[in-house]
Every structure is written in structure tokens, then in C-alpha cells.
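> Below are the sequence and a predicted model for it; my questions follow.
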Amino acid sequence: MFSTIRSRLLLTALLVVGSVYFLFPRNVTLRERGANGVMRDTVVTRVPLKRGLDLQGGMHLALELDQSKQVSADPKKDLDLALTVLRKRIDEFGVEEPLVQKVGDERIVVELAGITDPARAKAIVQRSAFLEFKITNETGALEKALPAMDRTLRGLGIKGAAEPEKPSAVQQLLGGDTTRPAPKDSAQKAKATKRDSSARDTARDTTPVVGGVLSGLIQAAGAGGVPGEYMVPETAFPRVDSLLNIPAVARQLPRGLVLRWSAAPTSVGVQPMRFLYALEDKSIVTGANLVDAQAQIDPLTNGPIVTFELDRAGGRKFGEETGRHVGDYMAILLDGRVQGRPPVIQSRIGRNGQITLGGKSLQEAQDLALTLKAGALPIPLKIVEERQVGASLGSDSIRKGITAGLIGTALVMVIMIGYYRLSGVLAVAALAVYLLFTLGALSMIGATLTLPGLAGIVLSIGLTVDNNVLIFERMREELLHGKTVRLAIDEGFRHAMNAIVDSNVCMVLTALFLFQFGTGPVKGFAVTLILGIVASMITSIFVTRTFYMIWLQRRPAMSTLSI
Amino acid sequence: MLRLFSNAKYDFIGLRHYAYGLTAIILLPGLMFLALKGLNYSIEFTGGTLLQIQSKAPVDVAHVRTGLDRQGIHGAEIQNFGSENEYVIRARVAKPGSDANDTQATAQAVSQALDNVLGAGNYNVVRTEAVGPKVGGELRQKAFLAIFLSFFAVLAYLAYRFEWRFGLAAIIATAHDILATIAFIGVMQVEVSLTVVAAVLSMVGYSLNDTIIIFDRVRENLRKHKHESFEEILNRSVNETLPRSILTHGTTLATLLALTIFGGEVIRPFAVVMFFGVFVGTFSSIYIASPVLMAIEKRWPGPAARGHLAPKKAPSAAPSRKPQTVG
């Protein structure tokens, strides 16, 4: 096989041309979302070698179902569903060659190359995007339930001062105020004017409340407010939330009602307040019926809004329910949080509606529209692993890797040529061919070049010459034994073969295990190492041999070998 | 023709007892140190949060630490990384059982602390890693499994290509290399990251490579020089492959040196561990693998002429029983 120089040269040329073809810069179309929010295609010309996240910058996320709040009935199905939803979202997000894949039975890996706003990407991936519309409660059910809740809390031994909060600076300034016994308040009293009550509330935080914990903290939003709307000082929000979540307390609320918080605090007077809504548990309609969502600027308020369109069934249901509830207030909930203040239903609403996002940017509105359109996640996802590398660090790594590679190669060249003379030159030429083959093979199989992979290539430059060293040393031995040049070359290649095959197979074996266990960057290392070993075997056994054959043909009478 | 060690006739095998002593002197304190101090695992394995920042002005580390303490992050490591204005902040997961979301919360708290101390626009985060403890634990398990399994795969291959005596000797030498490298990692307090595990596994490959080339020569010489004793054959083989070893290690060390100096901070631990691994691998192929092969040969003598062509003799005892001479 391949005994003639011509056939050997042909095969070598074929491999070289193939490698060059796979490394030749070409046009790549990128689909990206521009600053104005419109997807657009850009064409760039570059070497078609895939760079890993650690070299081009980007984000790697591993996600799992977050079952801390909501237990999945069928985790496998939910994960598959989440995978589909994430794929749609990421596609809309507009990242070049994103990777969204399931790893094992309980994990999804998302890789986004070249993103500049990691927080935004995380939000898009993690947002459940579960949209619901619920009517607010108008019967004052929470007010009625509060005394019973407080009794329950007292029964559990939780008093107003059970968890004294550290007095804030404002409270210390109002020192005189706090000493004054707080008025024994009930829900009725709290219904007093907003400003007054909120000011009093500051003082009340630290004093033990005789009337009860919750009724001391939760107050109706006041006259002119939305029915079923209450507020809690932002500072007390986490505590009230945890108190309300105690099962015994939650049971005091009438059946068919739920309590939901507003998405963001609102300033009432000087104090940030968090709104709490008593809502009918049954949703009028949910995001499952949504077919389209678009981000827009509301011409009236100049603020961003998301308009949406429901499917036929959803539209019918929405129309019926809103028709029955004209004059009532409807809360729009996203992931269990009420968005904005619930608007009053003026008339029957059909298939189209809009969500007003107070104080958010257009980009956030776009992201919301994107997630709504892609659908809701069945179960929230938690991030179990995050790796993120800035683009500048990536290009820095490439530069350093290439520098190290060039200097390493130069050192190897000096050693090889210095020691083996002309034969060393052949080895160095083979080294160049080896580098070309390795990079070409990487590009051909679409493997990703990572920073450890780059190190692997540099390392394998040192290893590759090992095969040549083995062959050369063998040739020298044969020459010392008085064999002719031609015979020494033949014998050198033949005898070195065993050692080369055995040692390289062992290297490949360990690299395979490395590939099996490693994540991204280390996998890249294993792949470059394996490809490098294969390429180095081809070059040292086949290409270098061909060089020698040509050399011998040109100088048939050669009696001493420059080695 | 420039030839180094061309007609070397060193008595390597005769020096084996000194070599065992040297191994013991290096390994024992190293392993004791390891047992006392443990390995410095990266957050990939322990779970935790890492932020690499680039600041506009030099950072007062103590200042940052107070800022972190104020955000409730205690005992974070703050380290200068490469250039003057680059720092790495590592916050490990406090409790092993804590939730994965904690690492996300920690990342936010660290950013908050940096905003407070350095000012929001005065630095940028160039790298973030937040690994949940569960993922870290899995990774640690997988890493050990990978090293362990690759061991058996190589043993099986060597048993197929040579015979079990050679395979066992090569594996014992490799085990020695791994132990020595781990001890080195422990003593130097090199951070054990995925790349370092990759370095250890590559080192295993490299050291095996070296051992195999000597064993290959042993196999050949056993056929060629039937009148020589096994010790003579081993010495002859090591000496004959000496020029190759010197040259290959030379080129490998040259590239590793380039990586260590010019490759940047992320790659440096890899290069340093490999650098050490090349030395240990060379030492063990000559002074551990060959003498151990001889010891095995003494305990369980093989057929007079060995090689892959010779009929395999069934092992007379379980190969797992280690020879007494192993250092």
C-alpha cells in the first residue's frame, strides 16, 4: 500500500488540501438581536474553528428543576418541557450557535457564546413566565380573617416582638415616637388616611403590638384604592410573607382566595410599601392560551407595555369572564407576582390585551414578551452551575496561548535541528504538517477549541516530535551497526513502530477517560489531545517517511545520513 | 553526528535500592503533609463562587475584605491574579448541605460588596463561576472514577500487548507517579481544578508512554539476547533508550516551560503540574517500572523467552498481590 512516492505524495497532498479547506476563512451568517430589538443577520468572514466559551467569552449554565416551592409530579416530563421552552426562548434571544441540551436525567445545560449582559440572559432562562389573570376580592375577606390569623399566631407563640428588627436610622431619629405606646389598631383604624398610617407604622414596627402581629403590619391601601388591596412596609415584607406562609395561618383565609404580592415596592409618601392583594384563586385565563406577545411603547404614558394576543379558546373565555366582571378589578400576575396596580375592567375584553410595566426599560419589556411567547416553564429552574468569561479575557487567553505555542515551537525547532541536522528539518516540516492536520480535523468534526485545548496543542508539539525521535534514534542505531542508509531508514521506521503504537494507544485511552468525565474546557483538551495523537502518528509514520523517500530518490548514492 | 549518551552503560538497576529510598524520602513527607493539610480544591469541586475582576486602580485587599464581611461573606479568598489590577475572589459554600441557589446569592452579594468598596464603574467582572455543592461533589467523584478506570483500561491494554507482568509493573510505576504528583500538588498548594486533574491524567499518559518505550525495548532484547540475565537486559534497554528519553523530555519540557511562562494564569497550574509530572514519569520509568518488573519476574517467573509471540503462561498467583520490594 502506498509504496510509490507518487501515491504517498498524492495522499499527503489530499490531507493537506482537506485541512486547508476546513481552515479557510469563510462567511458566517450571524443572527443577532440589535439594539433596537429587531433580529438582523450579519455576515462575517472568519476561520471556521469553533472557539470555546473560555476563549470567545460567554456563559455556561447548568439548570435543574427547583422543587423547593413546587414539587414536580413527573420530573422527567417537566424537564423535557422546560428544554423545549428554553430552546424557543434562546432562539428568540438571538445568540450565535447557542447550545441547549439535556445532560443526564435531571439537568439542562445552556451555553451562550459572546453575550454581553449575563444578568439578562440568566433572567430569561430562569423566568417561569407564568401569566395569570385574577379578579381581586371585594368582600374584605382578608380584613375579616386577620384577627383569626393573629389568634393562630399567638397560639403558636409568635408575638409582635418575637423577631425584633434592628431599629433603622429613621426609627432612631424618631426615638420619641417609638416610646409612645402605639394606638391599639385594628383593621378599621388602619383604614385611616394613607400618609398618617404609614408614618405611624414606622413606629409600630418595633413595639410589641397588643392587637396582633399581622393586623399590626397589614393595612388596607386606603380610600380610592382597589378593593382587596393591602400594603405592608417594605422592611416588614419578608417577615409578613413568611408569617402568611405558615400553614395554620394560611388556613384562616376563606376557601377560593389567595394572597399575592406586588412585583415591586411602591413609594407611598416617604416610605416604600409593598402591596398585597387578596385575589380569587380561579384564574380567568392563563398564559397557556397566549399565541403572541409584543413589546411596545405606550403612546400615552411613554412607558413600555407588552401587548398580547390569546388563542380562540382563551379569547372566548377571557371575553366571557371580563363581561361578567365589568366594574371589577383584574390583577395581572406574572410568576405569582402582581404586575402594576390592577386595572378596572371597563368592558368586555376580547383576544387582545396589554400588560403595563411601570418603570421598566423597553428591553425588559422585550424580554418579557419573548418569554411569554416561548411559553411558561412547568417548574421553576435553579442554576446549579454558572461559568462566565468576558470576551476580553478570552482574547487575552488566545493571545497568550499563541505566544506560548510559538515560543514552544521555536524551542522544539532549535532542539530538533540542532541535534538531528537535516533530519531535524524534516521533523520540523512534519511538525508544521501535524499542526495543519490537527487544526483541520478540529474544524472538520466541529470540535470546540478551548483554553486547555490550546495548551493541549502546545503540549502535543513536544509529544509529536517524540515519534520522530524514536524513529531517528533507531536509524542511528542501525547506522552504527553498519547498515546502509537506505536499510537504516527502513529498519528505523519498522522497529520504532511497535513502541509508537503502544505508547500512543495508552495516551488515547487516558484521554478518552478524560473526555468522558470532563466538562466543556477539559473535554476540549481531551479532544485536541486525541486528534493530536492521531495526527502525529500519521505525520511521523507516513509523512516523514515520504520525505525520506523523496530524499533518497534525489540522492540515490547517499552514503551518510544527516541525522 | 551529535550523540548524547550514545553508548551509555549505567547500572540503573543496581541503583534501585537508592531509588526506592529517594522515593520514600519524597513520598512519605509529601503524603503526610497531604494527610494533615489536605488538597486545596477549587470551587469547581467544593462548590462556591469565584469572581475575577479587573480594576482601574490597584485594590486594597483588606478594604475589599471588610466590604465582603459587611455583606455577610466571611473567609473569602482574595488573590492577585496575574497582572497588578486583576484579582480573584473566591467564596466557598459554607455548609455542605446548602442549596445551589446560595452560590447565586453569594455572587450577587460579592458584586454588591465590590460596588460599595470600589465603586460601580471602577472595575469589571471578567470571569464568574458559581458552582452548586451538588455539582461539585459529582465532579469530584467523576474525576476519581476517571483516574481509576483509565488505570484498568491501560492495564488491560498492556496485558493484551505485552503480558500481565509488564502491565502490573507499568501500573505500579504510574501509581507512584500519581501519588508523587498529588503530594507535589499538596505541598505546593496548587489549586486542584479541572485543568489540574487533566494535567494529572495527561501525566499518567506521558509516564506510561515512557515506560512502554523501555518495556518495548525489553521485549525486543529478551528475544535478541537470550544469554543475558534479566537484570542485564533491563539495564541494556534503559541505556539504549536513554538518548530518546533525554531528547523527548527536552522538547516536552521546552513546550511546558513556554506554557508556564507565557501561557497565562489559567494555564499555569496545568503546565507546572505537567512539568513536575515529566520528571517523576522519567524517574519512575527507569527506577520504579524496571526494578518492579524484575521483582515480579523473580516472584512469578515467566517463560524463558517472553514477548507477545510467546505462549502466555497462566499467572501462578493472583496479580493483585503486590511484590514486597515496592517502595
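Yep, it's here.
> from here on, contacts and neighbour counts on C-alpha atoms
Will do.
> where are the low-confidence patches of chain A?
A:1-2, A:30-40, A:159-211, A:222-224, A:358-359, A:518-520 (pLDDT under 70).
> Show me what the residue nearest to the spatial centre of it bridges to in the sheet.
The residue lying closest to the centre of chain A (Cα atoms, centre = their mean) is residue A:61, at 3.8 Å. For residue A:61, the beta-bridge partners are residue A:110, residue A:386 (DSSP bridges).
> Enumerate every residue touching it.
By Cα atoms under 8 Å, 6 or more residues apart in numbering or on different chains, the contact set of residue A:61 is A:109-111, A:383-387.
> same question, residue B:274
Residue B:274 is in contact with B:199-200, B:202-203, B:256, counting by Cα under 8 Å, 6+ apart.
> what about it, distance to residue B:29?
21 Å (Cα to Cα, to the nearest Å).
> Could you do residue A:483 as well?
From residue A:483 across to residue B:29, the span is 51 Å (Cα to Cα).
> what's the domain layout of chain A?
Here the domain assignment for chain A is A:5-25+A:390-554, A:31-128+A:383-389, A:133-365, based on automatic domain parsing.
> same deal with chain B?
According to automatic domain parsing, the domains of chain B span B:13-40+B:137-299, B:48-131.
> Mean neighbour count, those: which tops it?
domain B:13-40+B:137-299 (a mean of 21; mean count of other Cα atoms under 10 Å in any protein chain shown).
> what's the first-to-last distance across it?
One end of domain B:13-40+B:137-299 to the other measures 17 Å (Cα to Cα).
> quick one on the thing from earlier: I'd like to know which of the domains of chain B is closest to residue A:549.
Closest to residue A:549 of the domains of chain B is domain B:13-40+B:137-299 (Cα to Cα; 23.2 Å).
> Need the mean per-residue confidence for that closest one.
For domain B:13-40+B:137-299, mean pLDDT is 88.
> Spell out, range by range, the strands that occur in the stretch 1-150 of chain B.
Secondary structure of the stretch 1-150 of chain B (DSSP state E, counting those that start in this stretch): strands at B:48-55, B:77-80, B:86-92, B:123-131.
> do the same with the stretch 451-563 of chain A
Counting by DSSP E, counting those that start in this stretch, the stretch 451-563 of chain A forms no strands at all.
> so how far is stretch A:348-368 from its chain's centroid?
From the chain centre to the centre of stretch A:348-368 is a distance of 25 Å (Cα atoms, centre = their mean, to the nearest Å).
> likewise stretch A:458-466?
Worked out by Cα atoms, centre = their mean, stretch A:458-466 lies 36 Å from the chain centre.
> Deepest-packed of the domains of chain A, please.
Compared across those, domain A:5-25+A:390-554 shows the largest average neighbour count, a mean of 21 (mean count of other Cα under 10 Å).
> First-to-last residue distance for it?
End-to-end span of domain A:5-25+A:390-554 (Cα to Cα): 12 Å.
> Tell me the gap between it and the middle of its chain.
37 Å.
> Kindly report the same for stretch A:59-75.
Distance, centroid of stretch A:59-75 to centroid of chain: 14 Å (Cα atoms, centre = their mean).
> can you check stretch A:263-273 too?
Here stretch A:263-273 is found 32 Å from its chain centre; the criterion is Cα atoms, centre = their mean.
> Residue A:346: which of the domains of chain B is closest?
Between those, domain B:48-131 lies closest to residue A:346; by Cα to Cα that is 42.4 Å.
> what's near enough to touch residue B:51?
By Cα under 8 Å, 6+ apart, the contact list for residue B:51 reads B:88-90, B:107, B:125-129.
> I meant residue A:297, not that one.
A:303-305, A:362.
> Could you find the closest non-adjacent residue to it?
Computed as Cα to Cα, 6 or more residues apart in numbering or on different chains, the closest residue to residue A:297 that is not its neighbour in sequence is residue A:304, at 4.4 Å.
> Hmm, residue A:368 and the one you found touching each other?
No - counting by Cα atoms under 8 Å, residue A:304 does not reach residue A:368; the two are 10.9 Å apart.
> what residues do those two have in common as contacts?
With Cα under 8 Å, 6+ apart as the test, residue A:304 and residue A:368 both reach residue A:295.
> any chance of the contacts of residue B:51 in a markdown table, with distance to residue B:208 and pLDDT too?
Supplementary listing: the contacts of residue B:51 in a markdown table, determined by distance: Cα to Cα, whole Å; pLDDT from 0 to 100:
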| residue | distance to residue B:208 | pLDDT |
| --- | --- | --- |
| B:88 | 36 | 89 |
| B:89 | 38 | 89 |
| B:90 | 36 | 87 |
| B:107 | 42 | 80 |
| B:125 | 41 | 86 |
| B:126 | 38 | 87 |
| B:127 | 36 | 88 |
| B:128 | 36 | 88 |
| B:129 | 34 | 87 |
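> which of the residues you listed are close to chain A?
The subset of the contacts of residue B:51 within reach of chain A, counting by Cα under 8 Å from any Cα of the partner chain, consists of B:125-129.
> Dump these to TSV, plus distance to residue A:8.
Converted to TSV, the ones next to chain A among the contacts of residue B:51 look like this (distance: Cα to Cα, whole Å):
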residue	distance to residue A:8
B:125	53
B:126	49
B:127	48
B:128	50
B:129	49
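> distance of residue A:355 from residue A:295?
Distance, residue A:355 to residue A:295, using Cα to Cα: 10 Å.
> Mutual contacts of the two, please.
A:305-307.
> what's near enough to touch the residue positioned nearest the centre of chain B?
Centroid-nearest residue in chain B, with Cα atoms, centre = their mean: residue B:200, separated by 2.9 Å. With contact set as Cα under 8 Å, 6+ apart, residue B:200 has these partners: B:178, B:181, B:273-274, B:277.
> same thing with residue A:103?
Applying Cα under 8 Å, 6+ apart to residue A:103 gives the contacts residue A:109.
> How about residue A:273?
With contact taken as Cα under 8 Å, 6+ apart, residue A:273 is in contact with A:231-234, A:265-267.
> Then residue A:24?
A:47-48.
> Apply 7 Å and report the result again.
Contact partners of residue A:24, counting by Cα atoms under 7 Å, 6 or more residues apart in numbering or on different chains, are residue A:47.
> So it versus residue A:457, what's the distance?
Note on residue A:24: its distance to residue A:457, by Cα to Cα, is 19 Å.
> Give me every residue in chain B lying close to chain A.
Counting by Cα under 7 Å from any Cα of the partner chain, chain B comes close to chain A at B:1-2, B:100-101, B:126-132, B:135, B:142-143, B:146, B:150, B:154, B:194-195, B:198, B:201, B:205-206, B:209, B:212-213, B:216, B:244, B:248, B:251-252, B:254-256, B:258-259, B:262-264, B:267.
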